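Asks: the following block contains a protein sequence and its predicted model.
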Amino acid sequence: MLWWRAREKKLGISGDVTGSPASYPYGKVSGLYPDLRVISETGETPYVCCGYCSAHMACWTAREGLSTSMFHEAHDIRDEGGRPHNNGSNATELRNGANRALDITLQAVAVDEIKDRLRSGFAVEVALQYADLPPYLKIQSNDFGHSVCLFGYRDADDCVGFFDPLWPNDANGAWAKWADVKRALWSDGNHSTTITKWRADTAAEDVLFNVAPMTTHRDALVRACAILYKDSDLLERHSIVANTDTPFGFVGSTNIAHIIVNAGNTNYVNRDDVLDIFPYDREFD
């Protein structure tokens, strides 16, 4: 059984150190959709709610309208997971707590599957060994089992968005090298991913598409570094968008993807990566 912070509690060294990292060598996470910020565990002592706050952050990306306070959803997850404050948690309890308290499904995910989940726009609550993290992500010197939320992936330099509940509430996440995070992760079975996420408001766009002839020309503006996929399930990568000023022909929508055409190739892109769709011809500079 995975016990969060068991060593700290046993030795009486639950840290009082809080704050943001001293530096962000790969930058702060910003501009994601949705714009996740840290939900901190530091609102009560000892700091032992990292698992619940990380699950709360993951759930926040899965459904619009959740709060950003540990004292709401994180505590609800803890209550439904079955343990009182300062008694740890395991991954199964976090998944059960999220399901019972919020009706949000978190699924177990293997370490080697995490990056693809992030690339596809889902969040992952992970368990790790704090001492094995790189210095630029740490604010404490102790060694303990810890949980954080990963959200966002930057293909250009293989970075993941790292959101640590030891950091202040509403702090930005930090971009971190996937290799730096991966080496600190616990084994398979200790990590959970979301299976739902916020949707961009595309209802008006879909209506325009549905009533227009199939030959109507429309242009799509796509987020920089968005991934183009060969399939509508967004599993088989085709290429990456180099910039946001490339005209893509917009064809239609699936439940999770927009269908776009560029240079005669039909591809699929995550709906959240489409910045705008223009109903008529548009000149690109």
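Replies: It's in.
Asks: for residue 36, give me its contacts.
Replies: With contact taken as CB atoms under 8 Å, 6 or more residues apart in numbering, residue 36 is in contact with 29, 57, 60, 61, 123, 149, 151, 152, 161, 163, 173. (C-beta placed from N, C-alpha, C; glycine too.)
Asks: need the per-residue pLDDT for it.
Replies: Residue 36 carries a pLDDT score of 97 in this model.
Asks: please apply the same query to residue 256.
Replies: 79.
Asks: from residue 149, how far out is residue 237?
Replies: Noted for residue 237: a distance of 24 Å to residue 149, by CB to CB, to the nearest Å.
Asks: most neighbours, which of the contacts of residue 36?
Replies: Within the contacts of residue 36, most neighbours by other CB atoms under 10 Å means residue 57, with 30 neighbours.
Asks: what does the pLDDT read for that residue?
Replies: At residue 57, the model reports a pLDDT of 98.
Asks: okay, the nearest residue to it once chain neighbours are set aside: pLDDT?
Replies: Excluding the flanking residues, the one nearest residue 57 by CB to CB, 6 or more residues apart in numbering is residue 149, at 3.8 Å. Per-residue confidence (pLDDT) for residue 149: 98.
Asks: a helix runs through residue 149, doesn't it?
Replies: No: according to DSSP: H, G, I helix; E, B strand; the rest coil, residue 149 belongs to no helix; its state is strand.
Asks: show me what it is bridged to.
Replies: Applying DSSP bridges to residue 149 yields these beta-bridge partners: residue 125, residue 163.
Asks: residues contacting it?
Replies: 36, 54, 55, 57, 58, 123, 124, 125, 126, 163, 165.
Asks: can you pull out the strands in the chain?
Replies: Taking DSSP state E as the test, the strands found in the chain are 106-108, 123-129, 145-154, 159-163, 174-177, 192-194, 219-222, 227-229, 237-240, 248-253, 257-262, 265-270, 274-278.
Asks: can I get those strands in CSV including distance to residue 41?
Replies: Formatted as CSV, the strands of the chain follow (distance: least, CB to CB, whole Å):
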stretch, distance to residue 41
strand 106-108, 18
strand 123-129, 13
strand 145-154, 9
strand 159-163, 12
strand 174-177, 17
strand 192-194, 17
strand 219-222, 37
strand 227-229, 32
strand 237-240, 35
strand 248-253, 39
strand 257-262, 35
strand 265-270, 30
strand 274-278, 34
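Asks: could you give the number of residues near residue 159?
Replies: Residue 159 has 22 nearby residues by other CB under 10 Å.
Asks: go on, residue 121?
Replies: 23.
Asks: surely it and residue 270 touch.
Replies: Yes: judged on CB atoms under 8 Å, residue 121 makes contact with residue 270 at a distance of 5.5 Å.
Asks: can you give me the helices in the protein?
Replies: Assigned by DSSP state H, the helices in the chain fall at 6-11, 50-62, 75-81, 91-102, 111-119, 178-182, 203-211.
Asks: of these, which stretch is the most buried?
Replies: Of the helices of the chain, the one with the most neighbours on average (mean count of other CB atoms under 10 Å) is helix 50-62, at a mean of 29.
Asks: between strand 159-163 and that helix, find me the angle.
Replies: Helix 50-62 runs at 120 degrees relative to strand 159-163, counting by axes from the mean of the first three to the mean of the last three CA atoms, to 10 degrees.
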